[in-house]
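Quick one: sequence plus predicted model below, questions after.
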Amino acid sequence: MSQSIKEGPADTPTHDLLVIGGGINGCGIARDAAGRGLSVVLCEKGDLAGATSSASTKLFHGGLRYLEYFEFRLVREALMERETLLRAMPHISWPMRFVLPYHKDMRFESDTPTSKLLGLVMPWMKGRRPAWLIRLGLFLYDHLGGRKILPGTTTLSLAATPEGAPLQDRFARAYEYSDCWVEDSRLVVLNARDAQARGASILTRTEVVSARAEDGIWQVTVKTEDETKTIAAKMLVNAAGPWVGDVIHGKLRLNSREAVRLVRGSHIVTRKLYDHDKCYFFQGTDGRIIFAIPYEQDFTLIGTTDAEHDDPARMPRCTDEERDYLCSFASQYFKRSVSVQDVVWSYSGVRPLYDDGASSATAATRDYTL
């Protein structure tokens with residue numbers, strides 16, 4: 001998909017927009033801008049979806065757990081986009097039902113706004129999630145985004161049902177709601193291909209070395225395998241994922257006080273743990289959640305973690321501690337314990353989050369910040 005770059009600054013046309021980064025954000029922005037008639041060039045130093053965008057939990061969803069942080073606008077916008085995406089790409093995405101088993105020991109993470117509020121009005125709950133509150137959250141999740149395609153939440157008995165069969169007997173009921181599965185790297189590539197079809201230049205193996213503004217025009221120096229060239233653009237978008245901070249400070253040399261928090265999300269893939277085609281949404285006693293998802297017919301995908309990652313240049317890998325944490329977490333729900341011997345593969349991605357000063361990686365905002 002790489003294309004040649006025009007020779008020299010004098011011969012280079014001034015593009016409306018240059019996008020740094022070929023992940024889902026960069027490719028989505030390039031597609032949208034090209035579709036609006038802008039002349040667009042995208043530069044990706046590696047390959048499309050080569051980092052975080054191919055290391056996701058393979059879901060697109062509204063972010064049910066963010067309701068605990070009162071992120072209602074974020075969840076509403078995500079739910080609306082969920083329906084848009086599902087209509088646009090039924091060949092790489094499909095609805096999935098999520099089973100959320102309930103038990104009385106489920107807890108909030110201690111510093112969520114909901115847990116603090118509940119602690120004031122119902123101190124005897126001692127941080128536990130009451131069933132009525134989970135059901136209220138699912139009601140909001142069903143209705144915030146104007147759901148039209150996906151079925152709503154139902155209450156499910158786990159006794160003598162396929163959904164209950166793999167779970168420990170202490171789980172008697174569950175809530176079942178809808179979200180969606182997606183082939184994440186294909187989503188990126190299809191956005192890039194459509195951007196290209198609308199006139200954008202998609203340049204892979206093309207690293208942005210530096211950029212400076214001259215008379216209101218960005219002069220962007222890029223390096224390929226063979227040569228170094230300059231591209232001119234009226235606007236610059238930094239969608240470099242985990243490297244977004246490096247681009248701001250190292251490539252653009254901007255003295256920004258805004259900071260990026262890198263949070264690693266690790267996943268394990270195990271031998272198939274159950275036979276039906278639904279996903280499990282598990283809540284831990286530490287307040288975190290994980291998913292267990294049917295994966296590639298013969299496996300189960302379990303994730304994710306929230307761990308600080310100090311350096312984007314360091315390849316993210318699932319540590320032994322993260323692997324053991326996920327195995328232990330899943331074993332709190334499944335009848336048959338999940339052991340290290342069940343793990344056939346693991347992978348990690350790094351989320352670049354706006355550093356809002358949250359006390360934990362889990363609590364850091366997932367919203368966009370400009």
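Structure received. Note that the coordinates shown come from a computational prediction; the quantities given were computed from them, not determined experimentally.

what residue lies at the spatial centre of this structure?
In the chain, the centroid-proximal residue (Cα atoms, centre = their mean) is Ser56; its distance is 5.7 Å.

State the distance from that residue to Pro123.
Per Cβ to Cβ, to the nearest Å, Ser56 is found 38 Å from Pro123. Placement of C-beta: from N, CA and C, glycine included.

ok, how many other residues are close to Phe299?
18 (other Cβ atoms under 10 Å).

and it, bridged to which residues?
Legend: beta-bridge partners of Phe299 under DSSP bridges are Arg271, Tyr295.

and it, what does it touch?
Val269, Thr270, Arg271, Lys272, Val344 (Cβ atoms under 8 Å, 6 or more residues apart in numbering).

so which of those residues is the most crowded?
Using other Cβ under 10 Å as the neighbour criterion, Thr270 leads the contacts of Phe299 with 23 neighbours.

pLDDT value on it, please?
Note on Thr270: pLDDT of 98.

Kindly report the same for Ala361.
69.

Just the endpoints, please. Distance across stretch 264-280?
Taking Cα to Cα, to the nearest Å, stretch 264-280 runs 22 Å from one end to the other.

what separates it from the chain centre, distance-wise?
17 Å (Cα atoms, centre = their mean, to the nearest Å).

returning to that earlier point: just confirm the residue nearest to the centre of the chain is within a strand.
No: counting by DSSP: H, G, I helix; E, B strand; the rest coil, Ser56 is not found in a strand; it is coil.

Looking at the contacts of Phe299, which one is closest to Pro151?
Lys272 (25.2 Å; Cβ to Cβ).

Settle this for me: the closest one is touching Ile302, isn't it.
No: applying Cβ atoms under 8 Å as the test, Lys272 and Ile302 come out as separate, 11.8 Å apart.

Need the overlap of contacts for the two.
What both Lys272 and Ile302 touch, as defined by Cβ under 8 Å, 6+ apart, is an empty set.

What distance do you get for Gly152 to Asp298?
With Cβ to Cβ as the criterion, Gly152 and Asp298 are 31 Å apart.

And these two? Which one has more around it.
More crowded of Gly152 and Asp298, by other Cβ under 10 Å: Gly152, with 13 against 10.

what number of residues lie near the nearest residue to the more buried one once chain neighbours are set aside?
With Cβ to Cβ, 6 or more residues apart in numbering as the measure, Asp142 is the residue that lies nearest to Gly152, at 4.5 Å, once sequence neighbours are left out. Asp142 sits with 17 neighbouring residues when counted by other Cβ under 10 Å.

any idea how far Pro352 lies from Thr270?
28 Å.

longest helix of the protein?
Longest helix of the chain, by residue count under DSSP state H: helix 72-88.

Thank you kindly, that will do.
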